[in-house]
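Student: give me the fold of what follows.
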Amino acid sequence: MTTLTAMEPGTISLQTAMEVIWLEADLLDGKDYDAWLDLWTEDGIYVIPVNPEAEDYAAVLNIAYDDDTMRRMRVARLRGGRSISAAPAAETVRTVSRFRLIKDDGDTVKVRCAQHLAEQKFDRARFFAADLTYTLVKTEDGIRMKEKVVALINSTGVLTSISYLF
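Tutor: Numbers count the residues shown, from 1 in each chain. Purely as a prediction, here's the structure:
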């Protein structure tokens with residue numbers, strides 16, 4: 001497995017959180033979806049809200065609001081090639097930076113960072129920017145993602161054919 005499993009006593013350091021987030025970006029760019037799914041806790045939630053200021057994601061409209069079942073279904077669609085948005089698969093490159101520790105509860109941390117995502121598909125390049133907020137937890141299997149919120153800076157605008165995971 002490609003996840004980080006080194007466990008130290010005490011809290012998850014910002015450096016370790018950054019390594020998990022960089023690993024996730026690399027897994028998504030490499031389309032290593034099984035390893036990406038393994039990064040999550042079973043009760044984890046992946047959210048792309050329409051309103052980047054939203055706080056109660058379950059009560060508002062979202063571009064994505066995925067629990068474990070929905071994440072696995074999304075990956076199956078990406079792999080299946082039967083969806084117009086997934087055929088052909090987009091090539092992506094993510095750059096993640098500007099990390100800030102927002103909350104530290106010992107075995108749980110919340111980290112906010114910035115992401116620039118470049119997509120190449122149909123001989124066209126597109127670029128997206130987002131603030132990402134991760135809730136990471138220590139488990140017996142290593143550090144896992146309990147929540148990922150992707151606040152796209154243009155989430156209220158026109159978003160066409162997003163055929164990958166942010």
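Student: going forward, measure contacts between C-alpha atoms and count neighbours the same way
Tutor: Will do.
Student: can you list the weak-confidence ranges in this structure?
Tutor: 1-10, 81-87, 157-164 (pLDDT under 70).
Student: ok, R72 - how many residues close by?
Tutor: Residue neighbour count, defined by other CA atoms under 10 Å, stands at 15 for R72.
Student: next, the residue nearest to it when sequence neighbours are not counted: phi, psi?
Tutor: Leaving out its chain neighbours, the residue that sits closest to R72 by CA to CA, 6 or more residues apart in numbering is L37, at 7.5 Å. When read as degrees, to the nearest 10, the backbone of L37 gives phi -60, psi -40.
Student: what's the separation between L37 and D56?
Tutor: 24 Å (CA to CA, to the nearest Å).
Student: the more surrounded of these two?
Tutor: Comparing L37 with D56 by neighbour count (other CA under 10 Å), the higher total belongs to L37, at 18 against 8.
Student: next, the buried residues of the longest helix anywhere in the chain.
Tutor: Counting residues, the longest helix in the chain under DSSP state H turns out to be helix 14-29. Judged by neighbour count using 16 or more other CA atoms under 10 Å, the buried positions of helix 14-29 are L14, A17, M18, V20, I21, L23, E24, A25, D26, L27, L28, D29.
Student: L152: which of the residues you listed is nearest?
Tutor: A25 (15.8 Å; CA to CA).
Student: got the contact list for that closest one?
Tutor: Applying CA atoms under 8 Å, 6 or more residues apart in numbering, we find A25 in contact with R94, T95, V96.
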